[in-house]
Each structure stands twice: as C-alpha cells, then as structure tokens.
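> here is the input, now give the coordinates:
(one chain, ligands or ions: 1)
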Amino acid sequence: MSARRQPSIPPKIPGYEFVRLLGMGGFADVFEYRQELPRRSVAVKVLLSGSLDQEAREAFFAEANVMAQLSHHPSIVTVYHADIASDGRPYLVMEYCSRPGLGTRYRMERFTVAEVLRTGIRVASAVEAAHHLGILHRDIKPANILATDFGWPALTDFGIASTLGSSAAATGMSIPWAAPELLAERPTGDARGDVYSLGATIYSLLVGRSPFEVTGRSNSPADLLSRIERAPLPTIDREDVPPGLSAVLARAMAKDPDRRFLSALALAHALQQVERSMHLPVTSIDLSQDILPEAPSSRGDADGSSGDGSRDDQVTRLRPVVSIDPHGGPSDLSQGFAAPAASPATRAQARAARRPQAPPPPLPGTGQGASSSRDVDEDATRLRPITTITAQTSVPDQRQRSWGTTGGDVPTGTTGGVPTGTTGRGPARAAAVPPPPAPEGTNPAQGYAGAQSYPEPQPYPVPQAYPAPQPYPQTLAWQQQGHPAQAGPVEQTGYVPQPGPSGYPSPGHPAQHGAGHSPEAPFAPSATAFSPTPAEIRSQHYRKPSSDDETGHRGPRRGWVVGAAAAVVVAALVTVGVLTLGRDADPDPQATDAPLPTPTAVEEATVPAPAKLTGIDQGDGTAEFTWENPDEQEGDTYVWREVTVGSQGEARRTTSSEVVVPLDDSTGVVCIEVSIVRDDGRASTMPVQECSR
Ligand SMILES: Nc1ncnc2c1ncn2[C@@H]1O[C@H](COP(=O)(O)OP(=O)(O)OP(=O)(O)O)[C@@H](O)[C@H]1O
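Numbering: from 1, shown residues only. As a prediction, the model looks like this:
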C-alpha cells in the first residue's frame, strides 16, 4: 500500500529547521520543524501548492484566525504564527502534539471509561469555548483530537468551522460522526450538531469504531447515512460502561436535535455526573474567565456564588447563568443574569442559532432531568463572526488571561521577534491570543452559559506506552460499492463536501490534491472525480473514480474518503512520528527557494514509497511482507524496520522486496515500514507502513 501522493517539499522558513513529515491532509501537509528561538518543536501546516487560489488562502488564514481565537483553551491546539513561505505557500505554526491522537488510538486501544469521561469533558469544554465565540467546529471526530506532550486532548482542524447560525448547508464533515440533520437533503444545524459529533466521538472511544459501523456488514457511506438517520444507537457492549453513560450518549446523539443536550457544556455536566456516580475524580470544565471574569471560588460553591457577595455585581455586567462545580455538581442554574443588548446582526445570528427548548427525555442514572432548566439557560451562546486574517499574520502573543483559578501561569512573551507561546495545559496554561473583543451582545432571553475553570481535581494519567497497533478488522472492499478495484480493503468513511466560504477550496487542482490522510481516511480517491453529497449517496448516483484518481482529496476539501484498514495504523504511525526512515537521505528541503515547486519538480525530487506493501501471517509465528518498487532504478535497495506506535526497531537494509518478520508475542501482529533508498543515498520521502494480517 502506498500513499496516493507524495508529500510536498517542506518550505524554507526563517527561524525554523525542518525535521520531518507529520501527516498529510487533503489540502495541506503538516511537518515538524524545530523553532530556533525559543527552541522547541512545532507543527507547521503548509497549504499544498495546488491550493493557492485566493479562496484557499482566505480559508487557510481563516482557520488560523479561528484557532488563534481559541488557542488559549487548554484543549485546543495552540497556534503560534501564520505567514506565507518564500515558495508562496501559506503556513500555520502550531503547537506540536507529540503523542498519538485519538484517531490513532481509538481503533487500537481499549480506553478506560475514566479516560473517556475525562477526555469527553475536556473536549466538551473546548467545544463550548468555541461556541461562545460563535464558532461551530463541524468536524469533531477522533482524528481531530490530537494529544499534547502531557496527554491532554487537543482539538484541531477548524478548517471547516463556521459561525454559529450560518448555513449548515455549506458545511462538510465526516459522515460517521455527523448529525442526521447535517446529512439531510436540506441540511440544517447549529451547536447541537457539534454536540452530536462530540457524543459520537466519545461513543467511538468506548467501542473502538464509529457509532453506526456494524462489524461484518456493509458500512458504505449510504449504509452509514441511513443508519445515522434511522437506526437506534447500538448498545455499547461493555460491562464497565454504566447505564448512565450510555444514556448520556444516547441523548447527545438523539436523532432529533431538540432532544439532545442543548450545549456542549450541558453534555460536559452530564459526563461529570457520570464521573460522580462512578466515584471517579470529577474532571474540571475549562472555560475562560473572560466568559466569567471573576469566577466563584475555585472550590465552586454549590450555588455558584463566590462567597464574597460579589457575584451579583459581576453578573449584571456579564452574562453568566451557571457556574460549574466539579466537586458538588452544577450550581443553581435557575439564576440567570441579564446579558447586554445584542446588536441587530448578532441577534440575527442568535435567532438562527437559538436552541429549541423541547424537553429532552430523562436520563437514567445521571440526574439529568428531562426539563432541566440548565439546558434552557445554557442555551446562551455568545456569537461572534469569524474574521479573516490576511497573509503575513503573526498571531499576537497574549497572556492576559489564565485558565483556572490556581496554579502558576506560564506567561511568555515575544522573544527576538519570534512569537512564543506555551503548550501547557490546565490551570497553569496561559492564553496566547489577545482576548476576543467584548461580546457584541447576547440574547438576553437566552442568558449566557458562562463558566469558569477550576484547578484540576486530579492528575491526568499520562500514558507511557501504547499497545502495538492491531489491524482494523472492520473492512469492506471498495468494489462492494461498485467502485473500481482498489488495492486492499477499505474503511468506509465518507465525507460530505462543503463548499462553504470557510472551507478549503473547491476542486480545481486535481493533480495537486493529495489523498486525505487522516487516521480515519488515510487515502482518498479524488474528490474532484468523486465527492458525493448525502443526496448523491442516497440516490447511489456516485461518480466512479477514474483509474488515475489517485491523488484525490475530500470534497471541496474532503471528498469521498476511504482508507485501507491497516492504513489506519499506518496513518497512526505517521501521526506519532515514526516516519523517519530515509530522513537523512531526503533531498534537502531547505534548498527549495524556488518560487513554487511544481508537482513535477516535487515528483522528480522525491523518491517514491514502495507500493503494495502487504504482510501475510504465515501461521508459524512470522509474517511475510512483500512490496513493489514503482520506479525501480539501478542500485535501489530497501531499508525496513519494525514499528509500533511510539517506537521503531533497528533499520535494516535489503536488496530483496520481501522480508519475514516474527510476530509480536503479545498482539500476534507485526508492523513494518519500508523505504526505497537510491544508489545516491536519497530515500523515500515518506516510507510506507503496513501490519501483518
Ligand atoms: N499540531 C500537530 N501536531 C502533530 N501532528 C499534527 C498536528 N496537526 C496536524 N498533525 C498531523 O497532520 C495530519 C494532517 O493534519 P490536518 O488534519 O490538520 O490537515 P488537513 O489538511 O486539515 O487534513 P484533513 O484533510 O484530514 O482535514 C493530522 O492527521 C496529524 O497526523
């Protein structure tokens, strides 16, 4: 198996030194660089050269701007800087998330319920923070939750984020985690779509697959779409999952948005309740103090008061209607506060985003009442449009706000002109972006679901080791959908095209669009040729991908995506940075000062990855791996090594295109990566990886 496109050449960026490729997305490559001052690893997302039209640039910088607005949140990837490289490609410098993200882990590991709850609450608070700024993420899924050095989940990929209240019809998202109303003929949606996707993501972490995938049955996008719309949520087949948690997820993923939690915050509260019912430490909900500038005491008095009588004063100026008590449960939510008058524009958005107040069903075992006033109160969302930043944009540093009421913030400033930031999480983390403008107003009738951060009530266990990857069994031949033969089984993951203004560009550069390379979708046939809408999926009017559609992308941004099952593991390994084979032999990426490398130049400068890497379990404790050299040249050899998530074995060189490798004793599987090495020492820019099956 091989990637359907080569990665682009990493641009030369003053003050940064290229280290390695981290991953390839539909419209961008992500590289690790070493920032010189302050010295630290960063992830640099670089728009592909084929996506350089104005719309793409604007979308790219809009994503930078959205992320910058949210960067200070402990569970959102921090953006440090955005600019245009000397080769003309926009890039985004981000916090480097060194640990395997959830997209990598959820199919390979069994998460404990405690970790799922903790993660769910943290991501929910990130989503709530985005909603407070008027931003819908619209593509929450395991692959978009990375993990920091300290194991904190970090939400990323706001490439298709939009303002609350904007047309959901223009959105795009990954079908397995998309809310039914967003998959409808006439999509509608608001913050509750993100609530659904977050519920679906949490569900996925518990079961190791997306919610409506059925093992052993067809999981085509049409199948998924139909189940998402009509089938009841399958029971979670885990004895350690309490009924209360199942009920919370069932409510988060209710088909009718009116029956869902009305906000990500409400979902976080419900997850906290489950933690309490399980006698687990209660995870804090991290929301900025600009939402509730002077928070109640960090102990979180049950009534939400600060205990010094000052709350009422603040409340009249601000908008909180709820405070969060990680120790004692949600406070009295009936105490809503008046919000400032909204501007007409904001009110219009607010109307569009207003959440209905139909009573949701009661949740057994969670204390979540069907007609909780909290949900109504939490309906409030401060709305603010995304502003598009222009090129040459440095995300200004700002550390005025802190997360949490205790703990030492780690403020950083600008050093030597290089924007700095911290990647700290939790209470010690400081903000990195200027505080958002004062709210333009909120709908007084809606109140404001303000909250605060609290000191972390328990240490977050940082996983030290990850189990070796296992092949994902849930596969289905691409041909089953009537598509031309593709190498290997595929994972059925569909994407809805999203021609919206905040999405990435519309098709138009098929030659340069790469395969989607998220863990859900390592390889993507060209969306230009094949990017069905939900309506097309329903009617089965797919356009067949042509035989040369191997360099596709997902829709305008995310076309139809399928990934080979074991490629999930491959993508995972890419994510955790095991793609180092042949790095030394790569063409010098810094030597590319030329304006913009053409695809041809890129192809010539790079050595392809081995093709059709396959590992077959021989039944004798070993697996035989074979591969092909798609561009064999005299003197070619191969370097291969064993890989597991987070580690790699000794590199070995061979002239043969097959090796026999012992299976891992504990998993019964072995994974390797292979690189072609030219006679002159150049090696595959991106080695290929595969696991035995
Ligand atoms: N901050 C980061 N730290 C480490 N790795 C990262 C980081 N950001 C992205 N990556 C890696 O790069 C890959 C592609 O990134 P990303 O998903 O943001 O690109 P994209 O073009 O938006 O992709 P997609 O088409 O899937 O949306 C990710 O799957 C991940 O493996």
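> now do the contacts for Val659.
By Cβ atoms under 8 Å, 6 or more residues apart in numbering, Val659 lies in contact with 624-625, 640, 652, 672. Placement of C-beta: from N, CA and C, glycine included.
> buried ones among those residues?
Applying a neighbour-count criterion of 16 or more other Cβ atoms under 10 Å, the buried members of the contacts of Val659 are 625, 640, 672.
> ok so Ile13 is a strand residue?
No: Ile13: not assigned to a strand; according to DSSP: H, G, I helix; E, B strand; the rest coil it is coil.
> nearest residue to it other than its sequence neighbours?
Nearest residue to Ile13, sequence neighbours excluded (Cβ to Cβ, 6 or more residues apart in numbering): Ala85, at 5.9 Å.
> now do Glu95
Thr78 (4.0 Å).
> got the contact list for the helix or strand that contains Met94?
Assigned by DSSP states H and E, Met94 belongs to strand 90-95. Here strand 90-95 makes contact (Cβ under 8 Å, 6+ apart) with 11, 13, 16, 33, 35, 42-47, 57, 60-61, 63-64, 67, 77-85, 148, 154, 156, 391, 421, 423.
> thinking again about what came up before, and of the contacts of Val659, the nearest to Asp286?
Of all these, Asp286 sits closest to Ile672, with 40.3 Å by Cβ to Cβ.
> next secondary structure after the helix or strand in which that closest one is found?
Under the criterion of DSSP H and E, Ile672 resides in strand 671-677. Using DSSP H and E, the helix or strand that directly follows strand 671-677 along the chain is strand 688-691.
> name every strand pairing with that next one and say which way it goes.
Applying DSSP bridges to the sheet, strand 688-691 is found paired with strand 671-677 (antiparallel).
> can I get the CA coordinates of the partner strand in PDB?
Extracted in PDB, the C-alpha atoms of strand 671-677 (Å, rounded to 0.1, in the frame of the first residue of the first chain):
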ATOM      1  CA  CYS A 671       4.100  -3.800  11.600                       C
ATOM      2  CA  ILE A 672       7.000  -2.600   9.500                       C
ATOM      3  CA  GLU A 673       7.900   0.400   7.500                       C
ATOM      4  CA  VAL A 674       9.900   0.300   4.300                       C
ATOM      5  CA  SER A 675      11.700   2.900   2.300                       C
ATOM      6  CA  ILE A 676      13.400   2.800  -1.100                       C
ATOM      7  CA  VAL A 677      16.900   4.000  -1.000                       C
END
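> for the record, mean pLDDT for it?
Here strand 671-677 scores 83 as its mean pLDDT.
> ok, stretch 177-184 next?
On average, stretch 177-184 scores 91.
> what about it, near the ligand?
No: with Cβ under 6 Å from any ligand atom as the measure, stretch 177-184 is seen stopping short of the ligand, the closest distance being 12.9 Å.
> now what about that stretch, what contacts it?
Outside of stretch 177-184, the residues within contact range by Cβ under 8 Å, 6+ apart are 138-141, 168, 171, 173, 175, 187-189, 192-193, 196-197, 200-201, 204, 210-211, 225, 228-229, 253, 255, 257, 496, 534.
> which neighbouring elements make contact with the top helix by length along the chain?
Secondary structure assigned by DSSP state H gives helix 113-132 as the longest helix of the chain. Counting contacts by 3 or more Cβ pairs under 8 Å, 6 or more residues apart in numbering; DSSP states H and E, helix 113-132 packs against helix 54-70, strand 153-155, helix 191-207, helix 264-277.
> can you lay out these as TSV showing mean pLDDT, mean neighbour count and distance to the ligand?
Listed next are those as TSV, based on pLDDT from 0 to 100; neighbours: other Cβ atoms under 10 Å; distance: least, Cβ to the nearest ligand atom, whole Å:
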stretch	mean pLDDT	mean neighbour count	distance to the ligand
helix 54-70	80	24	8
strand 153-155	96	26	7
helix 191-207	96	26	14
helix 264-277	96	27	21
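> lovely, talk soon.
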